[in-house]
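J.: Structural data only, the sequence is not supplied:
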């Protein structure tokens, strides 16, 4: 993984809580741009961060959190 050092590091703020049904919900914010995306569930959180890192590589991330805020 020697090329990892040449990649920019992105900083995110994750705001998370559990809803009344116990599901993980929240928002991920990219600090530099202020872009915010909602997520529902740990799986969505991982997909969302990968998407925001640009690691989706053409895959359309399936997120159940609704539209971006």
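T.: Thanks, I have the structure now. On a predicted model such as this, the values are computed, not experimentally measured, just so you know. Numbering: from 1, shown residues only.

J.: quick one: stretch 18-34 to chain centroid distance?
T.: 8 Å (Cα atoms, centre = their mean, to the nearest Å).

J.: Please read the previous query as pertaining to stretch 24-44.
T.: Relative to the chain's own centre, stretch 24-44 is displaced by 5 Å; criterion: Cα atoms, centre = their mean.

J.: Please identify the helix or strand for residue 45.
T.: Using DSSP states H and E, residue 45 falls within helix 42-53.

J.: tell me what that helix is packed against?
T.: strand 12-18, strand 24-30, strand 36-40 (3 or more Cβ pairs under 8 Å, 6 or more residues apart in numbering; DSSP states H and E). Backbone N, C-alpha and C define where each C-beta goes, glycine included.

J.: Identify each buried residue in the second one, please.
T.: Burial within strand 24-30, assessed by neighbour count using 16 or more other Cβ atoms under 10 Å, is assigned to 25-30.

J.: Quick check: of those, which lies closest to residue 48?
T.: Closest approach to residue 48 among the buried residues of strand 24-30 (Cβ to Cβ): residue 28, at 5.5 Å.

J.: Distance-wise, check the closest one relative to residue 6.
T.: Distance of residue 28 to residue 6, given as Cβ to Cβ, to the nearest Å: 24 Å.

J.: same thing with residue 53?
T.: Distance of residue 53 to residue 6, computed by Cβ to Cβ: 15 Å.

J.: Please apply the same query to residue 30.
T.: Residue 30 is 20 Å from residue 6, where distance means Cβ to Cβ.

J.: quick one: residue 32 and residue 10 touch, right?
T.: Yes - contact criterion Cβ atoms under 8 Å: residue 32 and residue 10 qualify, at 7.1 Å.
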